[in-house]
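> this is the structure alone, sequence omitted:
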């Protein structure tokens, strides 16, 4: 649904702020939360538009779930909506990481263990619900179901960021050759806020920023060096938030800017809070020993790691918008949408299911939460409450089967 005069940046900010304080489970789980909130509940966009937005974000470097939120905000309320979506979704996790990193060890003891485990189980139920809804909408025939299954099998055998891109591209080709689906009017992907000039400027800024970050001299940590290190990591990472960790480790730990223990402390805290994993940059920036105020360094680090993904997204979206108007776009989009279902189905098992479900009690807890979402159509807060309560009652061990 395009932006309208009734859509304010404040409305977008409040919607994403709600997600920012409850979206546990990592980038794949965030996609499930975004689908539940903006397709199922608010109906801000269709399943087809959601899948197309997601496919673009997954093809680009950067945090896919945050890029998807940025796109939804842009479609709903223009540039102000895009920035509001980013701020609402990111601020809670960034602030919590800055404030709570020092208390991260407490999450490994006492009541923190079942609470965190229950939140991980919530992510399983939310993602499963999202995959089911997308499958019903986007794989209505044998051909598209076959594309989705093939994508799922390929990624289950050998998952990687590059293979994920290849699977989506193969889905587009298969849809172009095998699907004769018309392009529904509701799925035409129009981004009125982005002009050709804005897209070109975004591409230029992305390239200039990357070149500067690559050429920036090393040495002791500084505000400029921090921005360069985090921009470089954000621009070169494919495959989601976890992939950014080795790039940041190379820039921060290998250079002696911080200890491995300090780095891992932030990573541990990031697993126990909602929001994008890229918000870890806030903790890492605050932990650096620079002459600048720690909050300023944390803000620069956070903006620098997100900026390249957003700039590249703005540069690419108008191109994708034009692709959607081509005569054979219906078949191509049908194939892409089906492949996205397969990608999410593969991710539902690994890492979402495998990192959270360790036995029959966990499986039963997830089944209850999934039933609440699917059959009684309760909100995700019901799923969160049921999973935490179930995990606390079961005291599920954290060792795998």
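Alright, I've got the coordinates. Note that this is a predicted model, so its numbers are computed, not measured.
> ends of stretch 31-48, how far apart?
14 Å (CA to CA, to the nearest Å).
> how far off centre is that stretch?
Going by CA atoms, centre = their mean, to the nearest Å, the spacing between the C-alpha centre of stretch 31-48 and its chain's C-alpha centre is 14 Å.
> next one: stretch 54-62
Taking the mean C-alpha point of stretch 54-62 and that of its whole chain, the gap between them comes to 10 Å (CA atoms, centre = their mean).
> now the helices for the stretch 201-350 of the chain?
Secondary structure of the stretch 201-350 of the chain (DSSP state H, counting those that start in this stretch): helices located at 223-236, 244-252, 260-270, 280-287, 294-323, 329-347.
> the shortest one: how far from the chain's middle?
Meaning helix 280-287. Between the centre of helix 280-287 and the centre of its host chain there is 19 Å, according to CA atoms, centre = their mean.
> what lies in contact with stretch 27-37?
For stretch 27-37, the external contacting residues (CB atoms under 8 Å, 6 or more residues apart in numbering) are 15, 18-19, 22-23, 25, 50, 54, 63-65, 68-69, 72, 123, 126-131, 133-134, 240-241, 276-277, 344, 347-348, 351-352, 373, 380. Heads up, the C-betas are built off the backbone N, CA and C, glycines and all.
> low-confidence bits of the stretch 101-250 of the chain, can you list those?
Within the stretch 101-250 of the chain, the set of residues satisfying pLDDT under 70 comprises 101-111, 159-162, 165, 181-190, 238-243, 246.
> repeat that with 50
Under the criterion of pLDDT under 50, none of the stretch 101-250 of the chain is flagged as low confidence.
> pull the longest helix from the chain.
helix 64-100 (DSSP state H).
> what residues does the helix or strand residue 54 falls within touch?
For residue 54, the host element (DSSP states H and E) is helix 47-59. Taking contacts as CB under 8 Å, 6+ apart, the residues outside helix 47-59 that touch it are 31, 34-35, 38-39, 45, 64-65, 67-68, 71-72, 75, 133-134, 137-138, 164-165, 168, 184, 186-187, 189, 313, 316-317, 320, 324, 333, 336-337, 339-341, 343.
> in ChimeraX, select just the buried ones from those.
Selecting in ChimeraX just the buried members of the contacts of helix 47-59, where the criterion is 16 or more other CB atoms under 10 Å, is done with this command:
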select :31,34,35,38,39,45,64,65,67,68,71,72,75,133,134,137,138,164,168,187,189,313,316,317,320,324,333,336,337,339,340,341,343
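> from residue 367, how far off is residue 391?
When CB to CB, to the nearest Å is applied, the distance between residue 391 and residue 367 equals 14 Å.
> same check, this time on residue 154
Distance of residue 154 to residue 367, computed by CB to CB: 28 Å.
> so who does the residue nearest the centre of the chain touch?
What sits nearest the mean C-alpha location of the chain, by CA atoms, centre = their mean, is residue 65, with 1.9 Å. The neighbourhood of residue 65, defined by CB under 8 Å, 6+ apart, consists of 27, 28, 30, 31, 34, 57, 241, 276.
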